[in-house]
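S.K.: Quick one: sequence and predicted model below, then my questions.
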Amino acid sequence: MGRMVHHPCADPSRIPQTDDGIPPWALLLMYWAGQMWENIYQSIDKDGDHKISPEEIRALDKNGDQGVDREELVAALAERGFKTYPGEFSFADAVLAAAGDVDKDGVLTLNEINSMRL
């Protein structure tokens, strides 16, 4: 028989990093989504208090439901020069996730936005 293989915990250098199994394109998508959300956030936080108010969210919330859905986010991305194909929401979904859409319902609420900044 061959030699015994030790458990990875016996040699911590053999334990893979948490992002080792994530494809590079997914890591880049998450990175750029976070950067885009930071850009959007900075542009709507007019008073610079690191908390989005109901008045400030109106810059994104076009239908007045106190949330930002995929279509509203795609419009905000377009205002910043980012274009997508009609019906394509991959990047918008990644931005929603980076912004704090914890329940993954496709709508970013004021509470979700502000909870991520605590």
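M.R.: In hand now; what should we look at? Numbers count the residues shown, from 1 in each chain.
S.K.: show me where the chain has helices.
M.R.: For the chain, helices defined by DSSP state H occupy the ranges 24-44, 54-57, 70-79, 90-99, 110-115.
S.K.: Can I get those in a markdown table including mean neighbour count and distance to residue 14?
M.R.: (Glycine included, C-beta is placed from N, CA and C.) Listed next are the helices of the chain as a markdown table, based on neighbours: other Cβ atoms under 10 Å; distance: least, Cβ to Cβ, whole Å:
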| stretch | mean neighbour count | distance to residue 14 |
| --- | --- | --- |
| helix 24-44 | 15 | 22 |
| helix 54-57 | 14 | 47 |
| helix 70-79 | 17 | 41 |
| helix 90-99 | 20 | 31 |
| helix 110-115 | 16 | 37 |
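S.K.: Could you point out which of the ones you listed sits nearest residue 63?
M.R.: Among the helices of the chain, helix 70-79 comes nearest to residue 63, with 7.3 Å by Cβ to Cβ.
S.K.: before we move on, back to that, with distance to residue 11 and mean pLDDT as extra columns, can I get the helices of the chain in CSV?
M.R.: Below are these laid out as CSV (distance: least, Cβ to Cβ, whole Å; pLDDT from 0 to 100):
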stretch, distance to residue 11, mean pLDDT
helix 24-44, 26, 94
helix 54-57, 50, 94
helix 70-79, 45, 94
helix 90-99, 34, 94
helix 110-115, 39, 92
